[in-house]
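**Student:** Here is a sequence together with a model predicted from it:
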Amino acid sequence: MIFLARNTASSRCRLLPFTILALLFICLSPLPARPALYLDITSARLGRVNIAVPWFTPLEGSDEDVSPDTGKEMARLLSRGLRFHGFIHIIPPARYGGSQTGDWFALNADFTVLGKYRFSEERLTMELRFIDVTTGSMILGRRYHGADDKARTMILRFCDEAIGRLTGERGISRTSIAFVSNRDGYREVYIADVLGDHLRQVTRHRSITVSPRFSPDGKYLSYTSYHRGNPNLYVTDLSQDKITTPVSFRNGLNMAPAWAPDGRSMIVTLSRDGNPDLYRIDRQGKILERLTDHEGINVSPTFSPDGKRIAFVSDRSGSPQIYIMDLATRGVRRLTYLGNYNTTPAWSPKGDWIAYSGRYEGQYQIYIISPEGGRPVRLTSVAGEHESPTWSPDGRQIAFSRRLGDETAIYAVMRNGSYYRRLFDFDGNETFPQWSPRLP
C-alpha cells in the first residue's frame, strides 16, 4: 500500500501505566503514572478535541530510496483513524506546513502526535509520541519493530491506544464491517475495514445472501444463502477463502443467527413446521431448545452481553414490535410501544441500550431504547430508509444501511446522534451491516 512506495519500485487525558506489547511491538520507556481524566465523548456538550498530526520524519539510518511522501501518508492514515472516532478535529497540516515544530499554542492544538520511522533491510522501526500541548508531557509513547509491510498495523494500533488515553477505552480503527453488496450482480457478503481501504469478498454463491454475523471472537462469519434454493444457514472460517460449512438446512427459513456471547451456540429463526420461531442450536446445527411456539412471527434475535436475555421481533401484538425474553424463565415482555413497526434490534456491547429501526412518518429511522423500557431516543432524522443497526465494539457508534432512491449504502452515527456520515464509497448497494469485534 502507501507506506512502502519507494523511488525504486479541551479536557486532557493524564498518563496511564504503559501496556507491554508482545512479539514485534516494543514500548518506549514509560513515564510515571498519573490519575486519568477521561472525556465523555457521548455527551452532546463535548467540543471537538484539536490534534495536530504533522508529517512523520525519517530516523537516522533509513533507506535512501524511501519516497518523500511516505511520512505524509503515514500521518494521513493516523489522522483518518483518529477522526473516525467522532470527537477529534485534525488541524490541517497546510496551516503549519506539516512541520513537527509548529506553534501548537497558536494553532489552538490540544495534543500533537510526533512520528518518526526507519526502513532498513525490509524492516520497519516506528516511534510515535502523543504530546499534551499544555503541559508538554508525553502521555503515550511507543516504539514498534516489524516487517516493512506492518506500517498500517503499527499506526492504527497506536491510534487506538491514543483514543484509550483520552476516553478510557481503546479505539476501534482496526475493526471491520461485514455487509451484503450486489456490486458483482449478486448479493454476496463482503468485509471492509472501517476506514474503507480494503475490501474482501467472503461469499461467491452467485445468489442471494443475507444477514452476516460475526462470531464473538471475530474468527467466523455466519450468514444465510439461497443458492441451494432454500434459505440455509452457513458458517465460514475467515482465516481462509474457499470452504464454508452448512450448519442448518432444514426446510423453510434458517435465518439471522445471534451468536451467544460464549460462541458455543446460536439462536436462529426456523420455520420447519410452518411458523417462524426461535430456536437455540449448537455450532453443528443441532437443536438444543425451542424458545417460541407459534406466538406470531419471531425473528431478529440479539443477545444481551451477559447472555441471559435476548431481544427479538414479533408481530404477536398485531404489528412488528421488539420484545425481551429472559432465557432462564422464558418470560417475555414487550419493549417498544411508540410506532407501529419496529424491527432489527441490536443490543449494545455494554448492555445499556438496544438500537433498532422504527418507522416514523413513513420512513425508517434509527432509535435507541433502554432494555428496561421507557421512551426511545431517535438518532437519525434525514430522508431515507435507515435499517439494520449494528454497534461498534466500544458502544459509541452505530452503523446501519440507508436507502435513498435507488442507492443503499452503509452509514454511521455516534450514540448521541452526532457525526452522521457515509462510511464507504464502493460500487453497488450495501445492506445488512455487521460490526466486527476488536482485533487482539
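**Tutor:** In hand now; what should we look at? This one's a predicted model, so the numbers in the text were calculated from it and none came from an experiment. Numbering: from 1, shown residues only.

**Student:** going forward, measure contacts between C-alpha atoms and count neighbours the same way
**Tutor:** Will do.

**Student:** which residues sit against stretch 413-432?
**Tutor:** Around stretch 413-432, the neighbours that count as contacts under Cα atoms under 8 Å, 6 or more residues apart in numbering are 42-44, 86, 178-184, 194-196, 210-212, 378-380, 388, 395-401, 407-412.

**Student:** can you give me the mean pLDDT across it?
**Tutor:** Along stretch 413-432, the predicted local confidence has a mean pLDDT of 97.

**Student:** swap in stretch 51-69?
**Tutor:** Here the mean pLDDT over stretch 51-69 is 87, rounded to a whole number.

**Student:** Need the per-residue pLDDT for residue 203.
**Tutor:** 96.

**Student:** Next: residue 210.
**Tutor:** Reading off the per-residue confidence, residue 210 sits at a pLDDT of 97.

**Student:** which stretches of the stretch 151-300 of the chain form strands?
**Tutor:** Under the criterion DSSP state E, counting those that start in this stretch, the stretch 151-300 of the chain carries strands at the ranges 176-181, 188-193, 199-201, 209-214, 220-225, 232-237, 244-248, 254-259, 265-270, 277-282, 287-290, 298-303.

**Student:** Turn those into JSON lines, columns for distance to residue 59 and mean neighbour count.
**Tutor:** Putting those into JSON lines (distance: least, Cα to Cα, whole Å; neighbours: other Cα atoms under 10 Å) gives the following:
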{"stretch": "strand 176-181", "distance to residue 59": "32", "mean neighbour count": "26"}
{"stretch": "strand 188-193", "distance to residue 59": "29", "mean neighbour count": "22"}
{"stretch": "strand 199-201", "distance to residue 59": "32", "mean neighbour count": "14"}
{"stretch": "strand 209-214", "distance to residue 59": "40", "mean neighbour count": "25"}
{"stretch": "strand 220-225", "distance to residue 59": "40", "mean neighbour count": "24"}
{"stretch": "strand 232-237", "distance to residue 59": "40", "mean neighbour count": "22"}
{"stretch": "strand 244-248", "distance to residue 59": "46", "mean neighbour count": "18"}
{"stretch": "strand 254-259", "distance to residue 59": "47", "mean neighbour count": "25"}
{"stretch": "strand 265-270", "distance to residue 59": "50", "mean neighbour count": "26"}
{"stretch": "strand 277-282", "distance to residue 59": "53", "mean neighbour count": "22"}
{"stretch": "strand 287-290", "distance to residue 59": "59", "mean neighbour count": "14"}
{"stretch": "strand 298-303", "distance to residue 59": "49", "mean neighbour count": "27"}
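
**Student:** Quick one: these as JSON lines, columns for distance to residue 51 too.
**Tutor:** Written out in JSON lines, the entries for the strands of the stretch 151-300 of the chain read as follows (distance: least, Cα to Cα, whole Å):
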{"stretch": "strand 176-181", "distance to residue 51": "24"}
{"stretch": "strand 188-193", "distance to residue 51": "23"}
{"stretch": "strand 199-201", "distance to residue 51": "29"}
{"stretch": "strand 209-214", "distance to residue 51": "33"}
{"stretch": "strand 220-225", "distance to residue 51": "36"}
{"stretch": "strand 232-237", "distance to residue 51": "39"}
{"stretch": "strand 244-248", "distance to residue 51": "44"}
{"stretch": "strand 254-259", "distance to residue 51": "38"}
{"stretch": "strand 265-270", "distance to residue 51": "43"}
{"stretch": "strand 277-282", "distance to residue 51": "47"}
{"stretch": "strand 287-290", "distance to residue 51": "52"}
{"stretch": "strand 298-303", "distance to residue 51": "37"}
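
**Student:** Now the one helix or strand residue 364 maps to: buried residues?
**Tutor:** Take DSSP states H and E as the rule and residue 364 turns out to sit in strand 363-369. Under the neighbour-count criterion of 16 or more other Cα atoms under 10 Å, strand 363-369 has 364, 365, 366, 367, 368, 369 buried.

**Student:** tell me the contacts of the closest residue to the fifth one other than its chain neighbours?
**Tutor:** The one in question is residue 368. If you skip the residues right next to it in sequence, residue 368 has residue 355 as its closest partner in space, 4.2 Å away by Cα to Cα, 6 or more residues apart in numbering. When contacts are counted by Cα under 8 Å, 6+ apart, residue 355 is found next to 345, 346, 347, 348, 366, 367, 368, 369, 389, 390.

**Student:** sec struct for residue 355, please.
**Tutor:** Secondary structure assignment for residue 355 (DSSP: H, G, I helix; E, B strand; the rest coil): strand.

**Student:** who's it bridged to?
**Tutor:** Applying DSSP bridges to residue 355 yields these beta-bridge partners: residue 346, residue 368.

**Student:** Residue 371 versus that one, what's the distance?
**Tutor:** Computed with Cα to Cα, to the nearest Å, the distance linking residue 355 and residue 371 is 10 Å.

**Student:** Same check on residue 140?
**Tutor:** 37 Å.

**Student:** likewise residue 208?
**Tutor:** Residue 208 is 33 Å from residue 371, where distance means Cα to Cα.

**Student:** immediately after the worst-scoring helix or strand of the chain on mean pLDDT, which helix or strand?
**Tutor:** Within the chain, judged by mean pLDDT, DSSP states H and E, the helix or strand with the poorest mean is strand 25-27; its value is a mean of 40. If you walk from strand 25-27 toward the C-terminus, the next helix or strand you reach (DSSP H and E) is strand 49-52.
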